[in-house]
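Novice: Need coordinates for the following:
(2 chains)
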Amino acid sequence: MLEIALKHQFAGFALDLALNAPGGITALFGHSGAGKSTVVNAVSGLLRPDHGRIAVDGEVLLDTQAGIALPPHRRRIGYVFQEARLFPHLDMRANLTYGARFAPPGPGVIGFDRAVEMLGLGALLDRRPGALSGGEAARVALGRALLSKPRMLLMDEPLAALDGARKAEILPYFETLRDEVKLPILYVSHAPAEVARLASSVALLEDGHLRAFGPARDVLADPGAAGGFGGRAAGALISGRVAAQEHDGLARIETAGGAIYLEAPGMAMGTDLRLQIHGADVTLALVQPEQVSALNILRVTVLEVGAPDGPSVFVKLALGEERLLARLTTRSVAALGLRAGLECHAMIKAVSLAS
Amino acid sequence: MSWLSPPEWQAVVLSLKVAGLATACALPPGIGVAYLLARGRFVGHGLLNGLVHLPLILPPVVTGYLLLLGFAPNGPLGAALARIGIALAFNWKGAALAAGVMAFPLMVRAIRLAIEAVDPRLEAAASTLGASRVWVFATVTLPLIVPGIIAGAITAFAKAMGEFGATITFVSNIPGQTQTLPLAIYSQLQVPGGEGSAAKLVVISITLALGALLVSEALAKRIAARIAGRDA
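Specialist: Below you'll find the predicted structure:
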């Protein structure tokens, strides 16, 4: 459990927020200048906030009222920076083991051999930073932070400097960290897709304040928070399991609200999936639509019509136990008379595999 | 080396000894002061910077005279040092002090530039990995500034080899004791028929200075490639 309460004043910018992050990956989402980096830098100790209290698993790292402020090297918080920041004068082995000499004895979250295997670093150990690709450097930076035996990790947009292919190469490692190493991670991002894929909890930051915070499913399905992710990118998460690969190449995914068909090549039967359905890809109809091309039509109940944002509005829907978000125009909402409790049909144009 | 007369040979050896001691003794405080000036934020930063640069802008004779006032056997610092058995006035250690003081600003400038070129984000990364300030300096900053330290040391050595004004003022011009190369050249030019001897010492001066420069360039280049993460 990471407890954060911060107040910090910059020229023309004030940060004021409090949140208690549980385990798993807590995504700190917000646009540039929202204060995300300030939060992680305060947690790491690289920035000393005006006022605040930070504690990890009950151990106080910072308490400005009590006059406590541990320096970064005594916090044991791994930090994966946007740029890898590998030490140029050391080879990869020395980079990876750099933090171990300062760490307390005993096993850390992960051993050297396991880290090298998990991150695929075997061939890089004797190389020097100048001879690495961006993706390789990012993996070494992650391994270096893990091997310093941290009690949690901070990641400040660790993928922002990488291209799409490199991102796809690194993301699975983060999932392994979340699911197998079970290290709490505070993950800064301004990419909604990364948040949808990785986050267990989401903190939505806006102008130095917390606009929404909670389990990823709840925040991503919150019509009040959806605008913060950007109109097109907002969308709820639902769980599904691959039930069948059908003859025409589509996979049938069973969800709490019925079957969904989508292209999922190579997915084995029984694979658990995290799906994201963007609000902009959801269309509502009051009667069962007929003779339409949409493949996925699900019965839903309107839970909440959000506050209009210009001409558009997010509508929260119940799909069995799952939640969906639809982005509609206020004109359509009025024409259909959408209100809480109304049953209707959701046509889903696209489903993206979050993981 | 039979082409050098014993006194000439003595001047060469003495110069190397003086410049070597001056450089070696100036290096640790030079690195410390350079680090303070590059990374420190404290009251008196400007004053320290000014003090360090003073020997560079003062007439060397003035620096030598101030050293004489301070380190003469009855001077405040000289008396204190005499009590622990160190005498600096009119001997080669005094010459090394004069050379070291004169070379200090050049050394600090070179090392400070190197420290300022080190990405502070690397130092921050090291601290998040558990390294205290001292460890960060020893394992990240220091290895990365080695080329700057070499450049600073060689510049300081060359300056110390050529120091004249402060040396002759502080410790006089005693053959075998304080008569370094430039002082010997000067002395030879004062005596009739000394030009030949002076010319030989001039050639040695040029050779030593040039050699030091070439060695430092080659060394710094090699090390710079290594610490830039390329294999050298």
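
Novice: Look at B:M1 and report its pLDDT.
Specialist: For B:M1, the pLDDT comes out at 50.

Novice: for A:E175, same thing?
Specialist: Per-residue pLDDT puts A:E175 at 87.

Novice: and it, how many neighbours?
Specialist: The tally of other residues near A:E175 (other Cβ atoms under 10 Å in any protein chain shown) stands at 14. C-beta coordinates here come from the backbone N, C-alpha and C atoms, glycine included.

Novice: Show me what from chain B comes close to chain A.
Specialist: B:119, B:121-122, B:124-132, B:135-136, B:139-140, B:143-144, B:226-231 (Cβ under 8 Å from any Cβ of the partner chain).

Novice: Drop anything exposed from the residues you listed.
Specialist: B:122, B:124-131, B:135-136, B:139-140, B:143-144, B:226-227, B:229 (16 or more other Cβ atoms under 10 Å in any protein chain shown).

Novice: for the residue nearest to B:A228 when sequence neighbours are not counted, what are its contacts?
Specialist: Nearest residue to B:A228, sequence neighbours excluded (Cβ to Cβ, 6 or more residues apart in numbering or on different chains): A:P88, at 5.7 Å. Applying Cβ atoms under 8 Å, 6 or more residues apart in numbering or on different chains, one finds that A:P88 lies in contact with A:R128, A:P129, A:G130, B:L122, B:L144, B:I227, B:A228, B:G229.

Novice: Sort out for me which of the residues of chain B next to chain A are in strands.
Specialist: The members of the residues of chain B next to chain A all map outside strands under DSSP state E.

Novice: Which of those fall in helices?
Specialist: Among the residues of chain B next to chain A, DSSP state H puts B:121-122, B:124-128, B:135-136, B:143-144, B:226-227 in helices.

Novice: Could you look up the SS state of the nearest residue to A:G120 once chain neighbours are set aside?
Specialist: Excluding its sequence neighbours, the residue lying closest to A:G120 (Cβ to Cβ, 6+ apart) is A:R139, at 6.7 Å. Here A:R139 is recorded as helix under DSSP: H, G, I helix; E, B strand; the rest coil.

Novice: Equivalent analysis for A:I297, please.
Specialist: A:I297 is classified as strand under three-state DSSP.

Novice: Can you report how many residues neighbour it?
Specialist: 17.

Novice: And A:L353, by the same measure?
Specialist: Using other Cβ under 10 Å, A:L353 is surrounded by 17 other residues.

Novice: Is it bridged to anything, and to what?
Specialist: A:L275 (DSSP bridges).

Novice: Could you check the pLDDT of it?
Specialist: Per the predicted model, pLDDT is 79 at A:L353.

Novice: so where's the chain shaky on pLDDT?
Specialist: Since you didn't name a chain, this refers to chain A. Chain A contains residues with pLDDT under 70 at A:355.

Novice: My question was about chain B, not that one.
Specialist: Residues of chain B meeting the criterion pLDDT under 70: B:1-2, B:229-232.

Novice: what about the helices in it?
Specialist: Assigned by DSSP H, the helices in chain B fall at B:6-39, B:45-57, B:60-71, B:76-83, B:92-116, B:120-128, B:133-136, B:142-144, B:146-162, B:165-171, B:181-190, B:195-227.

Novice: Report the angle between the third one and helix B:45-57.
Specialist: In this case it means helix B:60-71. For helix B:60-71 against helix B:45-57, the angle by axes from the mean of the first three to the mean of the last three Cα atoms, to 10 degrees is 120 degrees.

Novice: What is helix B:60-71 packed up against?
Specialist: helix B:76-83, helix B:92-116, helix B:165-171 (3 or more Cβ pairs under 8 Å, 6 or more residues apart in numbering or on different chains; DSSP states H and E).

Novice: in that helix, what's buried?
Specialist: For helix B:60-71, a neighbour-count test (16+ other Cβ under 10 Å) marks B:P60, B:T63, B:G64, B:Y65, B:L66, B:L67, B:L68, B:F71 as buried.

Novice: Let me see the ranges of the helices in chain A.
Specialist: Using DSSP H, the helices assigned to chain A run over residues A:36-44, A:92-97, A:112-118, A:134-146, A:164-176, A:192-198, A:216-220, A:223-226, A:330-336.

Novice: need those helices in JSON lines with distance to B:Q190, can you?
Specialist: JSON lines is the format used below for these (distance: least, Cβ to Cβ, whole Å):
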{"stretch": "helix A:36-44", "distance to B:Q190": "66"}
{"stretch": "helix A:92-97", "distance to B:Q190": "58"}
{"stretch": "helix A:112-118", "distance to B:Q190": "70"}
{"stretch": "helix A:134-146", "distance to B:Q190": "64"}
{"stretch": "helix A:164-176", "distance to B:Q190": "73"}
{"stretch": "helix A:192-198", "distance to B:Q190": "80"}
{"stretch": "helix A:216-220", "distance to B:Q190": "88"}
{"stretch": "helix A:223-226", "distance to B:Q190": "89"}
{"stretch": "helix A:330-336", "distance to B:Q190": "101"}
